[in-house]
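1. sequence-free structure coming up:
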């Protein structure tokens, strides 16, 4: 079967950078049977995003959140789009800077990432709720 | 036919963040016949980029342009690459921050994006002209 | 053979934005035989990244490095993650902003990029050493 595709849901996360490698992998056991392939993860939202970064020290995730809060201000006077509160437009900006999809190689039944790499759900809203991801696997 | 690939052209756009979902889809009617697949869109330029963001309120696109104009200054005194004018080097920086390709799942004949998501052509030059995209579809 | 996958290694690079198109292509001669396909390049590190930008004027690469050094400070007082020195946390931030993978179309035996586009290895550490990339080609 060359293509596997399904939608999965990620439990609501706190605002910030959240490590979700385990939560994603537990929902795609099909990877274990794939010798060579590619995983695409696509987030169906414009105020949350996906990135890959260090899976060890949680301070990396805290520092990323602080950096983005400083460089994408909630109080910029120029925002026209602010109906949903001060975290609304900054969330859209962060989502475009970080990106809406990841593509990761699969080798011998596992994601072929570096040993320090993990998948992050970047939740840019104060109360973002559950997030939907479309998983597509080619092999 | 597992791979469809073609080059399409986007009409010249104003500098800023432009919603092009319809203009792209009208040039790839093949999607309607695909049950499960993946669309890759690659932009063949270094001073324009692609991103996914909100397809509803146009103020999101205006605020993104303002944010990037503030955070990637046209008047930074350190720029060495400035032969083509003050919008040249900032365009290259924005292109790398936002990225040169998008990968989007296809499900049941449609792009499987969230209901608020659209495809943006981010035109970073004052007069960028027509932009070329390579479309590759796997199914 | 629809999928080609292998890990390649990039010689240690100076901190900054390094053009590696030739170094990558020399390690994937298989591309010459592919009529239509897609190349994914994935970097197995969290303190270096990949982007596409201008392959001509080297000043573009210098200006990108200067821009990122200014906007992602090494001396931000808020960093908690600093065990490996002042270039550690900024490297993680830059890696997420620029991204960990590229997807590039292949057409008639060549990468179908624009004539001014090249592949950059963005080395964010002072002494990053050799970097490992996973190459996956679908055709």
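-> Received, thanks. Being a predicted model, the structure only gives us computed values, none of them experimental. Numbering: from 1, shown residues only, chains lettered A, B, ... in the order given.
2. drop to CA atoms for contacts and neighbour counts, all remaining ones
-> Noted.
3. tell me the SS of residue A:136?
-> strand (DSSP: H, G, I helix; E, B strand; the rest coil).
4. isn't it right next to residue B:105, touching?
-> Yes: contact criterion C-alpha atoms under 8 Å: residue A:136 and residue B:105 qualify, at 7.0 Å.
5. what sits in contact with each of the two?
-> Shared contacts of residue A:136 and residue B:105, defined by C-alpha atoms under 8 Å, 6 or more residues apart in numbering or on different chains, comprise B:37, B:38.
6. what parts of chain A come near chain B?
-> If contact is defined as C-alpha under 8 Å from any C-alpha of the partner chain, the residues of chain A in contact with chain B are A:3, A:5, A:40, A:42-46, A:78-81, A:89, A:92-93, A:95-101, A:134, A:136.
7. and the helices in chain A?
-> A:21-25, A:58-71, A:88-98 (DSSP state H).
8. could you give the mean pLDDT of the shortest one?
-> Meaning helix A:21-25. Mean pLDDT, taken over the full extent of helix A:21-25, equals 98.
9. and that helix, what's buried?
-> Of the residues in helix A:21-25, those with enough neighbours to count as buried (16 or more other C-alpha atoms under 10 Å in any protein chain shown) are A:21, A:24.
10. what of stretch A:119-128?
-> Neighbour-count burial for stretch A:119-128, with 16+ other C-alpha under 10 Å as criterion, is recorded at A:119, A:120, A:121, A:122, A:123, A:124, A:125.
11. quick one: is that stretch near chain C?
-> No: against chain C, stretch A:119-128 shows no contacts by C-alpha under 8 Å from any C-alpha, the least distance being 10.1 Å.
12. how far off centre is that stretch?
-> 8 Å (C-alpha atoms, centre = their mean, to the nearest Å).
13. end-to-end on that stretch?
-> Distance between the boundary residues of stretch A:119-128 (C-alpha to C-alpha, to the nearest Å) amounts to 18 Å.
14. hang on, the earlier thing: residue B:112: which of the buried residues of stretch A:119-128 is nearest?
-> Proximity of the buried residues of stretch A:119-128 to residue B:112 (C-alpha to C-alpha) peaks at residue A:121, which lies at 19.0 Å.
15. tell me who's in contact with that closest one.
-> By C-alpha under 8 Å, 6+ apart, residue A:121 lies in contact with A:17, A:18, A:19, A:20, A:48, A:49, A:50, A:51.
16. which residues of chain A fall in strands?
-> A:3-10, A:16-19, A:36-43, A:48-54, A:101-107, A:110-111, A:117-123, A:131-138 (DSSP state E).
17. pick the most deeply packed of those.
-> Among these, the stretch with the highest mean neighbour count (mean count of other C-alpha atoms under 10 Å in any protein chain shown) is strand A:48-54, at a mean of 25.
18. per-residue pLDDT of the residue of chain A positioned farthest from its centre, please?
-> Among the C-alpha atoms of chain A, the one farthest from their average position, using C-alpha atoms, centre = their mean, is that of residue A:77, at 28.3 Å. pLDDT, the model's per-residue confidence, is 94 for residue A:77.
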